[in-house]
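Participant: Any chance you can model this:
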Amino acid sequence: MPDWFDKILEILNSSWVLILSPAIFVFYLRKDLCALRFTLLTASFFLFGALIHSSLKEFDDGTYIYRYVVWALNDLSWMALIAYLGIKDKVYLWQCVLGQLVVIGAPILQLFRLVDRHLWELSYSTYMYKTLLPLINVGTVIVCYLPLLYIFVNKRNKALS
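Facilitator: Take a look at the predicted model:
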């Protein structure tokens, strides 16, 4: 395989984009634009995070300050874009609200980690950070798949009645 293809596969495997790909495909085929927009925006933010992760670690080597600020700003900008699209009826409002509720913990956790490591010079946040952040990411992916669950439940209810 060419090197560029291996690099693309490595980036996709290190982010949640690969897991979101089936949802993107199904929403595109069903022409469910609201769910597609939400999932594409989420996938693009996950891809952006995967692309800048190593560069950010290199830049922030030793200080561990900027990475937490960048990740918090990344989460806040995702939340702002999703809220804007929800208000403009470009994504489902219920999905927007659930996404906000799931992701609100991420920037708080990032900033708490920054304060914990540098202001207090403690390590209270280590286990919380390593446990809750992946759970928040999984929760975000689940919120992306919820319109599919709604479709299946709706079809099942129609078939039963």
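Participant: Can you list phi and psi of Y124 for me?
Facilitator: phi -70, psi -30 (degrees, to the nearest 10).
Participant: likewise V91?
Facilitator: Recorded main-chain torsions at V91 are phi -130, psi 160, according to degrees, to the nearest 10.
Participant: quick one, what contacts it?
Facilitator: Going by CB atoms under 8 Å, 6 or more residues apart in numbering, V91 touches C34, A35, R37, F38, L41, I82, L85. Glycine gets a C-beta too; all of them are placed from N, C-alpha and C.
Participant: Over to Y28?
Facilitator: L36.
Participant: what about it, helix or strand, and which?
Facilitator: For Y28, the host element (DSSP states H and E) is helix 17-30.
Participant: Identify each buried residue in that helix, please.
Facilitator: If you call a residue buried by 16 or more other CB atoms under 10 Å, then helix 17-30 has these buried ones: V17, I19, L20, A23, I24, V26, F27.
Participant: Between those residues, which sits nearest Y129?
Facilitator: I19 (21.5 Å; CB to CB).
Participant: Verify the contact between the closest one and V138 for me.
Facilitator: No: the pair I19 / V138 is not scored as a contact, 9.3 Å apart, by CB atoms under 8 Å.
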